[in-house]
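Asker: got a sequence here, can you build the structure:
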Amino acid sequence: MEMISLLLIAVSTVLLVLLFFRKNKTNSQEQRDILHELLQKEFLFNREELSKRLKENRDELTQSLERLNETIVKKAKDDREELRATLKEFQESFSKNVEAFNRLQKEKFEQMKLRQDEMIKTTEIRLERMRETVDEKLHKTLEERLGKSFEMVTKQLLVVQKGLGEMQHIASGVGDLKKVLTNVKTRGFLGEIQLGNILEEIMAPDQYAANVKTKKGSDALVEYAIKLPGKNTADGAVYLPIDAKFPQEDYVRLQSAYDAGDQVAIEASLKSLLQTVKKFARDIAQKYIDPPHTTDFGIMFLPIEGLFAEVVRQPDMIAFLQREYKIVVTGPTTMAAMLNSLQMGFKTLAIQKRSSEVWNVLAAVKKEFNNFGSVLEKAQKKINEANSEIENLVGTRTRMMQSKLKTVEQLEAPSEENLPSENLIDLGE
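Answerer: Now for the predicted structure:
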């Protein structure tokens, strides 16, 4: 405000001077000098006054700033003290709250621990009771089920054994039918010995002959010949010549070529083997086949299945031998099957001669077979039921129990001494 007052005074003075100059334009130089001097004095006074006022204003402003600074510093100090006191109070309150919370939490944890210990103890007691109950029921159930199952199986086995005994008694009246229905037992001999063993195993002694002269006007003896029923011969038999052949050298060379992987040697050895087989077939046809004293075909027996397979798998080889030489090639297995077929034919002829007796026997056999089938079906059904019960008990029930008793120790299996002796079956019987 003082600055504004000074400025207004200065402006007023200037205006007065200007007015004065306008009114006194015609004044003399002397008056102007006087006025100029007055103005200088006035300006000097005003400047000094202005400087003085400015200095006073600066001093006053400095004092105001110092007072303001002191006030701000004091206010900040008071605020800091107040904030420090507030923080200290908050810290003390927070510490008290944390301590109280810790005490409360500790009390809660102790209560939870006591409750958990009590629950664990109660659970262990219940699980122990449950385990004892399950153990007792399982042992009882196993004992009952296994006892019933073994008793049922024993009864059914006795029924089956009885049925088998009756079947054996019935089968004993059929004679040599067992040889037709069972597998043929052969031994690993070559050539004539192996062929003789097969014939001896399957055929009756009066159904074949060894070293037979089958062709009139020839002294050649065939190794074996099957006696077939005939009407145009002196002894009432037509011979089926069987001769064993074994091209050992050709077969060994072929196997060596296979082992070496030499395709040229394989083809050469196979060709030589087939030529030898054709030569054997021609010899059998020329020496031993003589209808009507013999059949119009003969049999060449190859004692090794591998050799027979090599001959059979050649295209048109079997058909060529049958067409050109009337020779049927057989191995140990096919020879046994063919002899079984012939044996069945002999049985058919014997049955035709004793038709009434055989029909009665077969009727009885059929009836007993039906009864035996029914008994076996019932026995199989009972055994399947027992097996299903045991599988259900040992499998599904055990898994269910294990799933509910994961935390329980594994139950000890009962020893044989604890099992009832009446439920045990001696399988050796």
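Asker: host element of residue 240?
Answerer: strand 237-244 (DSSP states H and E).
Asker: what is the rounded mean pLDDT of that strand?
Answerer: Throughout strand 237-244, pLDDT has a mean value of 88.
Asker: contacting residues around the very next helix or strand once past that strand?
Answerer: Beyond strand 237-244 on the C-terminal side, the first helix or strand identified by DSSP H and E is helix 248-260. By C-beta atoms under 8 Å, 6 or more residues apart in numbering, the surrounding residues in contact with helix 248-260 are 265, 266, 268, 269, 270, 272, 273, 276, 304, 306, 307, 310. C-betas here are computed from N, CA, C, even on glycine.
Asker: okay, those residues in TSV with distance to residue 249 next?
Answerer: As requested, the contacts of helix 248-260 are exported to TSV (distance: C-beta to C-beta, whole Å):
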residue	distance to residue 249
265	14
266	15
268	13
269	10
270	13
272	9
273	9
276	9
304	14
306	15
307	12
310	14
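Asker: for residue 321, state which of those is nearest.
Answerer: Residue 321 has its nearest neighbour among those in residue 276, at 12.5 Å by C-beta to C-beta.
Asker: look up how far residue 343 lies from the closest one.
Answerer: Between residue 276 and residue 343 the distance is 31 Å, computed by C-beta to C-beta, to the nearest Å.
Asker: the more surrounded of those two?
Answerer: When neighbours are counted by other C-beta atoms under 10 Å, residue 343 comes out ahead of the other of residue 276 and residue 343, with 19 against 16.
Asker: which stretch of helix or strand covers the more buried one?
Answerer: Residue 343 is part of helix 332-353 when elements are defined by DSSP H and E.
Asker: then residue 279?
Answerer: helix 263-288.
Asker: check residue 225 too.
Answerer: Judged by DSSP H and E, residue 225 forms part of strand 222-229.
Asker: direction included, what does that strand pair up with?
Answerer: strand 208-212 (antiparallel), strand 237-244 (antiparallel) (DSSP bridges).
Asker: run the angle between that strand and helix 332-353 for me.
Answerer: Here strand 222-229 points in a direction 30 degrees away from that of helix 332-353 (axes from the mean of the first three to the mean of the last three C-alpha atoms, to 10 degrees).
Asker: okay, buried residues for strand 222-229 please.
Answerer: Using 16 or more other C-beta atoms under 10 Å as the test for burial, strand 222-229 gives 222, 223, 224, 225, 226, 227, 228.
Asker: of all those residues, which two lie farthest apart?
Answerer: 223 and 228 (17.0 Å).
Asker: tell me the contacts of residue 242?
Answerer: 195, 199, 222, 223, 224, 225, 226, 298, 299, 301.
Asker: wait, which of those is closest to residue 318?
Answerer: Set against residue 318, the nearest of the contacts of residue 242 by C-beta to C-beta is residue 299 (12.5 Å).
Asker: how about the closest one, secondary structure?
Answerer: strand (DSSP: H, G, I helix; E, B strand; the rest coil).
Asker: beta partners of it?
Answerer: residue 242, residue 328.
Asker: show me what the helix or strand harbouring residue 318 packs onto, helices and strands only.
Answerer: Assigned by DSSP H and E, residue 318 belongs to helix 317-325. Helices and strands touching helix 317-325, by 3 or more C-beta pairs under 8 Å, 6 or more residues apart in numbering; DSSP states H and E, are helix 263-288, helix 305-312, strand 327-330.
Asker: for residue 60, which of the ones you listed is the nearest?
Answerer: Nearest of the helices and strands packed on helix 317-325 (C-beta to C-beta): helix 263-288, 129.1 Å.
Asker: and the angle from the closest one to helix 248-260?
Answerer: Going by the same axes, to 10 degrees, helix 263-288 makes 160 degrees with helix 248-260.
Asker: in the stretch 251-400 of the chain, what spans have low per-residue confidence?
Answerer: Filtered on pLDDT under 70, the stretch 251-400 of the chain yields the residue ranges 350-366, 368-370, 372-373, 375-376, 379-380, 386-387, 389-400.
Asker: at 80 instead, please
Answerer: Confidence mapping of the stretch 251-400 of the chain against pLDDT under 80 gives the ranges 345-400.
Asker: for residue 239, the count of nearby residues, please.
Answerer: Residue 239: 27 neighbours (other C-beta under 10 Å).
Asker: partners of the residue nearest to it when sequence neighbours are not counted in the sheet?
Answerer: Leaving out its chain neighbours, the residue that sits closest to residue 239 by C-beta to C-beta, 6 or more residues apart in numbering is residue 225, at 4.0 Å. Per DSSP bridges, the residues bridged to residue 225 are residue 209, residue 241.
Asker: could you measure from residue 225 over to residue 289?
Answerer: For residue 225, the distance to residue 289 (C-beta to C-beta) stands at 11 Å.
Asker: surely residue 219 meets residue 213?
Answerer: Yes. Using C-beta atoms under 8 Å, residue 219 is in contact with residue 213, at 6.9 Å.
Asker: now the helix or strand hosting residue 160: mean pLDDT?
Answerer: Take DSSP H and E as the rule and residue 160 turns out to sit in helix 29-171. Average pLDDT, helix 29-171: 81.
Asker: and it, what does it pack against?
Answerer: helix 2-23, helix 355-391.
Asker: outline the domain layout of this protein.
Answerer: 2-100, 176-353 (automatic domain parsing).
Asker: so of these, which one's packed in deepest?
Answerer: Most buried of the domains of the chain, by mean neighbour count (mean count of other C-beta atoms under 10 Å): domain 176-353, with a mean of 16.
Asker: any figure for the gap between residue 303 and residue 289?
Answerer: Taken as C-beta to C-beta, the span from residue 303 to residue 289 is 21 Å.
Asker: re earlier: among the contacts of helix 248-260, which one sits closest to residue 70?
Answerer: Lowest distance from residue 70 to these (C-beta to C-beta) belongs to residue 266, with 123.6 Å.
Asker: what separates the closest one from residue 313, distance-wise?
Answerer: Distance from residue 266 to residue 313, by C-beta to C-beta: 13 Å.
Asker: then residue 237?
Answerer: As for residue 237, its distance to residue 313 is 35 Å (criterion: C-beta to C-beta).
Asker: need the max-distance pair from the contacts of residue 242.
Answerer: Pairwise distances across the contacts of residue 242 (C-beta to C-beta) peak at 15.0 Å, for the pair 199 and 298.
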